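**Q** Based on what follows, work out the 3D shape:
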Amino acid sequence: MTSTATFRYAGVLALLSVTLVWGTTFPAMKLLANDVPALHILALRFGLASVALLPLFVRLRGAEWRWGLVLGLLNFIAFWLQTEGLALISSNRNAFITGLNVLIVPLLAWVVLRRPMGWAIALACALALGGLQLMFFEDSAWSWGDTLTLSSAVFFALFILTLELCALRNRQQPLRATRLAAVVSLTMCACSVLVALGMEAQPLLSVARSLPWGSWLSLGYLAVVASVGVVVLQAWGQQRVDATRSAIIYGLEPVFAAITAWWWIGERMHAQAMLGAALLVSALMVSQWGSAPASAPQAAKPRGRAAVAPH
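**A** The predicted structure is shown next:
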């Protein structure tokens, strides 16, 4: 095996590990969402992540602050909607709907930016609609939790397009992904606290003191492993894997979510729902056909909870 191949396979393994961690966040967040309000989960999770990322705040550039604040606001709205939806539906259902942001990005670019869509996106949308039909009408019809989760996928897509704009506007002096992640995490924590105060929610310290040790373990995992560790691992992996392969690997996230939800919290998917899930994953894969030349290694197009802000 050549050194180039080894280099690439190491990157693939790193991105698979990142995607696996993302998948585990759905059942972890589901357990928390059953007992803790969404805003408090986000404040505690990204507050802990911000503390872990404190060294990265040294020598931040002005542009990293500005773009980090904008991206953090978008990501906060996306996570808030997703977590509110997660309290109402199963974690694997939440994961598969969230994964649709990969399709929503080119659709928004087509509608708003007048970018050509292409046959692959049209086929992927058809597959996704078929998958949704099978998944969501096996046990229960479309619900408010599904609507909240789909809305979060739209904001994750807006996050991606904004991140692309950020990269284009800063070509001469590219912004550092890990520094952006630190500002995004801090912004999300601040937004969660401010909105909770505005809604006169239960005080954060009161909620924190009442949490059992198991909830703190979940929060620690979400903050340190899923919100800090993956940023570093993903930044390393995406330097070694081209954009198309990276996006296909990321499309496996809802599959990992369904597996870990079955193992961790006992969620089940029946045959019809599994077929629908397979169609959704196929849609995510098809949407990447022709998106970038496979032979040209480059940083993968970041997803809503990817390059600068984890799931």
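
**Q** which phi and psi does the closest residue to residue 261 other than its chain neighbours have?
**A** Leaving aside its sequence neighbours, residue 261 sits nearest to residue 267 (CB to CB, 6 or more residues apart in numbering; 4.1 Å). (C-beta placed from N, C-alpha, C; glycine too.) Dihedral pair for residue 267: phi -70, psi 140, per degrees, to the nearest 10.

**Q** Please spell out which residues along the helix or strand encompassing residue 50 are buried.
**A** Assigned by DSSP states H and E, residue 50 belongs to helix 38-52. Buried residues in helix 38-52, counted by 16 or more other CB atoms under 10 Å: 38-50, 52.

**Q** Tell me the one of those residues nearest residue 195?
**A** Nearest to residue 195 among the buried residues of helix 38-52 is residue 39, at 5.8 Å by CB to CB.

**Q** which SSE is the nearest residue to the closest one once chain neighbours are set aside in?
**A** Spatial nearest neighbour of residue 39, excluding adjacent residues (CB to CB, 6+ apart): residue 196 at 4.3 Å. Assigned by DSSP H and E, residue 196 belongs to helix 177-198.

**Q** how far out from the middle of the chain is that helix?
**A** Counting by CA atoms, centre = their mean, to the nearest Å, helix 177-198 is centred 15 Å from the centre of its parent chain.

**Q** Could you list the low-pLDDT ranges of the stretch 51-200 of the chain?
**A** 136-139 (pLDDT under 70).

**Q** which residue ranges form the helices in it?
**A** 62-86, 91-98, 101-112, 119-136, 144-169, 177-198 (DSSP state H, counting those that start in this stretch).

**Q** In JSON lines, list those helices along with mean neighbour count.
**A** Output for the helices of the stretch 51-200 of the chain, formatted as JSON lines (neighbours: other CB atoms under 10 Å):
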{"stretch": "helix 62-86", "mean neighbour count": "22"}
{"stretch": "helix 91-98", "mean neighbour count": "28"}
{"stretch": "helix 101-112", "mean neighbour count": "19"}
{"stretch": "helix 119-136", "mean neighbour count": "18"}
{"stretch": "helix 144-169", "mean neighbour count": "20"}
{"stretch": "helix 177-198", "mean neighbour count": "22"}
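
**Q** could I get those as TSV with distance to residue 258?
**A** Below are the helices of the stretch 51-200 of the chain laid out as TSV (distance: least, CB to CB, whole Å):
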stretch	distance to residue 258
helix 62-86	14
helix 91-98	4
helix 101-112	17
helix 119-136	11
helix 144-169	15
helix 177-198	26
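
**Q** closest to residue 235 out of these?
**A** helix 177-198 (5.2 Å).

**Q** Report all helices and strands that that closest one contacts.
**A** helix 38-52, helix 62-86, helix 230-238 (3 or more CB pairs under 8 Å, 6 or more residues apart in numbering; DSSP states H and E).

**Q** right, and the ones you listed - which one's nearest residue 186?
**A** Closest of those to residue 186 is helix 38-52, at 4.5 Å (criterion: CB to CB).

**Q** related to what we said a few turns ago, quick check: which of the helices and strands packed on helix 177-198 is nearest to residue 119?
**A** Of all these, it is helix 230-238 that lies closest to residue 119, at 27.0 Å by CB to CB.

**Q** can I have the closest one written out in CSV, keeping just the CAs?
**A** Taking C-alpha atoms only, helix 230-238 is exported to CSV below (Å, rounded to 0.1, in the frame of the first residue of the first chain):
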residue,chain,number,x,y,z
VAL,A,230,-14.6,15.8,16.8
VAL,A,231,-13.6,19.3,15.7
VAL,A,232,-9.9,18.4,15.9
LEU,A,233,-10.4,14.9,14.4
GLN,A,234,-12.6,16.2,11.5
ALA,A,235,-10.2,19.0,10.6
TRP,A,236,-7.4,16.4,10.4
GLY,A,237,-9.4,13.9,8.4
GLN,A,238,-10.8,16.3,5.9
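
**Q** roughly how far apart are residue 150 and residue 32?
**A** Counting by CB to CB, to the nearest Å, the gap from residue 150 to residue 32 is 21 Å.

**Q** Can you say which of the helices of the stretch 51-200 of the chain is nearest to residue 7?
**A** That would be helix 177-198 among the helices of the stretch 51-200 of the chain, by CB to CB, at 19.6 Å.

**Q** could you give the angle of the closest one to helix 62-86?
**A** On the basis of axes from the mean of the first three to the mean of the last three CA atoms, to 10 degrees, helix 177-198 is oriented at 50 degrees to helix 62-86.

**Q** Please tell me how far the helix or strand following helix 177-198 is from the chain's geometric centre.
**A** Per DSSP H and E, the first helix or strand lying C-terminal to helix 177-198 is helix 204-210. Distance, stretch centre to chain centre, for helix 204-210: 26 Å (CA atoms, centre = their mean).
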